[in-house]
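K.L.:
dropping a prediction and its sequence here:
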Amino acid sequence: MSESSRSNATFGSAHGLGVLCGLGAGVWLGAAEAPTKLVNTGLSPYAISLCMVAGVFTARWTVPTLLKGTRQVFADLVEHRHLIPVAIIAGMLWAVANTLTVFAIRDVGLAIAFPLWNTNSLIGIFWGRVLFGELKGASTRNVAKVVLGSLAIVGAAVMLGFSTIHGGGAHASHAAGGVLAAVGASLLWGTMYIPYRKAYISGMNPLSFVTVFTIGELGAVFTLAFVLDRQSTAEVFFSPAIRPMLFWLFLGGFVWVVGDIFQQYATKYLGIGRGIPLSNTNQLWGLAWGALVFGELSRADAAHRLLVVAGSIAMILGALAVSTAVATEREHTSTNDALLRECDRYELDYTKVLSAYSGTSENQREFRRSWWDYLILACALGVFVALGVRARMPQLAMDLTWTALLGVLMVVTATVCAWRLWKVTRFA
């Protein structure tokens, strides 16, 4: 089999797995923003972001350790050490964007903030085409599916956003600042996917990438909190009133990590242009948490409820269009060209990188777990247990029945996605 034919067969086999991971990411990323509603209890956005990222840091070291072990993660990092600075920069972009989302949720609400920052899918399509040749050589039909599907998702997001604007709500006086914060998050998150894609066409494992990614996250958000909001930083560490809330913020960070890992695999197997719009179906799940759990649409009239239905249908159709845009042979050739450029630039073994990129490598080294792997897992569990013992329910109006139902759906989704990743790629 020729090099080109082998690469085309390899790339084509991963489409369904990428779609599953993208949709699974949407479920978890939508739920991850729910704890940021604590900003309505008076906590500083900087403090909330710092605590969430601390939870993210804990989870990003725990999940890869649980799935692969630190020996395998560090072996991958040593092999791709040129990508470590790239991963740290990506983490810094994420941290700043996450902080902006907390401001957006505080000023305009969860259901309206989501649609604004989810325009990052359009930015992702642009960068994917310009830097990695995505959609180059694609059929006219596939280009239409990806572009129009992404536009449908953004249009649906706008409709869902308008559905929450009624009666000059409590957020009206801060709407401009909230909109700017959400748009800023969109720009940063759309750009953040460049390092994602660069890492994966170089053969780096997503679990290794996120381990380094979190160093940039924690460093950036701690700097933001310390420089811009020193008082709230002190409160996070010393205030008895805030300590009972830390568990929920750490939990939000953990939920985000699960969703982001699925998003990483979607980006790896589908590219930015397809993977990000699918993961941006988190808009639907963000709306579900905002409306069903926190009652953000409780005062909406019939017209606004119609916008919710129309927006939801448009988003589903957009996601369907993107998910059925299976790349053609010519597009696979373009992807292979990008992979070859990375191999030439960093003197990588093409055959090895191709196998790692596809997740079908039969030569993956297996490493025995070390005693410190179990220590890491025990410490992470201990952190959550210690915070959970001191936790109390936040003073927010919540529907616990819907909370439980959505929680069960999250567990089912994660189980299906994780099982499929293990079955097909062994989390490669």
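P.N.:
That came in fine, so what should we check first? Numbering: from 1, shown residues only.
K.L.:
for the helix or strand hosting Gly155, which outside residues touch it?
P.N.:
Using DSSP states H and E, Gly155 maps to helix 140-162. Contacts to helix 140-162, defined as Cβ atoms under 8 Å, 6 or more residues apart in numbering, come from residues 111-112, 114-116, 118-119, 121-122, 125, 135, 138, 273-274, 277, 280-281, 283, 287, 304, 307-308, 310-315, 317-322, 324-328, 331. To be clear about C-beta, it is placed using only N, CA and C from the backbone, and glycine gets the same treatment.
K.L.:
flag every buried residue along the helix or strand following that helix.
P.N.:
Counting by DSSP H and E, the element after helix 140-162 in chain order, helix or strand, is helix 175-200. Buried residues in helix 175-200, counted by 16 or more other Cβ atoms under 10 Å: 175, 178-179, 181-200.
K.L.:
what is the orientation angle of helix 175-200 with helix 140-162?
P.N.:
150 degrees (axes from the mean of the first three to the mean of the last three Cα atoms, to 10 degrees).
K.L.:
return the distance of the helix or strand that helix 175-200 is followed by from the chain's centre.
P.N.:
Sequence order places helix 206-228 as the next helix or strand after helix 175-200, per DSSP H and E. Centroid displacement of helix 206-228 relative to its chain, using Cα atoms, centre = their mean, to the nearest Å, is 15 Å.
K.L.:
with stretch 403-415 instead?
P.N.:
For stretch 403-415, the distance to the chain centre is 17 Å (Cα atoms, centre = their mean).
K.L.:
quick one: average confidence on it?
P.N.:
The pLDDT scores in stretch 403-415 average 93.
K.L.:
low-confidence stretches in the protein?
P.N.:
Across the chain, the ranges flagged by pLDDT under 70 are 1-13, 36-45, 110-112, 114, 161-174, 229-242, 359-367.
K.L.:
just want the most central residue of it.
P.N.:
Asp260 (3.4 Å; Cα atoms, centre = their mean).
K.L.:
name the element it belongs to?
P.N.:
Judged by DSSP H and E, Asp260 forms part of helix 246-270.
K.L.:
elements contacting that helix?
P.N.:
helix 15-32, helix 45-67, helix 175-200, helix 206-228, helix 272-279, helix 371-390, helix 400-425 (3 or more Cβ pairs under 8 Å, 6 or more residues apart in numbering; DSSP states H and E).
K.L.:
rewinding a little: now which of the contacts of helix 140-162 would you call buried?
P.N.:
111-112, 114-116, 118-119, 121-122, 125, 135, 138, 273-274, 277, 280-281, 283, 287, 304, 307-308, 311-312, 314-315, 318-319, 321-322, 325, 327-328, 331.
K.L.:
returning to what we had before: winner for burial among the helices and strands packed on helix 246-270?
P.N.:
Compared across the helices and strands packed on helix 246-270, helix 272-279 shows the largest average neighbour count, a mean of 30 (mean count of other Cβ atoms under 10 Å).
K.L.:
contacting residues around that one?
P.N.:
For helix 272-279, contacts defined as Cβ under 8 Å, 6+ apart pick out 18-19, 21-23, 25-26, 29, 120-121, 124-125, 127-129, 132, 134-135, 146, 149-150, 153, 190, 193-194, 196-197, 259, 262-263, 266-270, 318-319, 322-323, 325.
K.L.:
quick one: distance of it to the chain centre.
P.N.:
Counting by Cα atoms, centre = their mean, helix 272-279 is centred 11 Å from the centre of its parent chain.
K.L.:
now do the contacts for the residue nearest to Trp189 when sequence neighbours are not counted.
P.N.:
Nearest residue to Trp189, sequence neighbours excluded (Cβ to Cβ, 6 or more residues apart in numbering): Asn120, at 4.3 Å. Counting by Cβ under 8 Å, 6+ apart, Asn120 makes contact with Ala185, Ser186, Leu187, Trp189, Gly190, Tyr193, Ile276, Asn280.
K.L.:
check those residues and tell me the two furthest apart.
P.N.:
Using Cβ to Cβ, those span at most 14.6 Å, a distance reached by Leu187 and Asn280.
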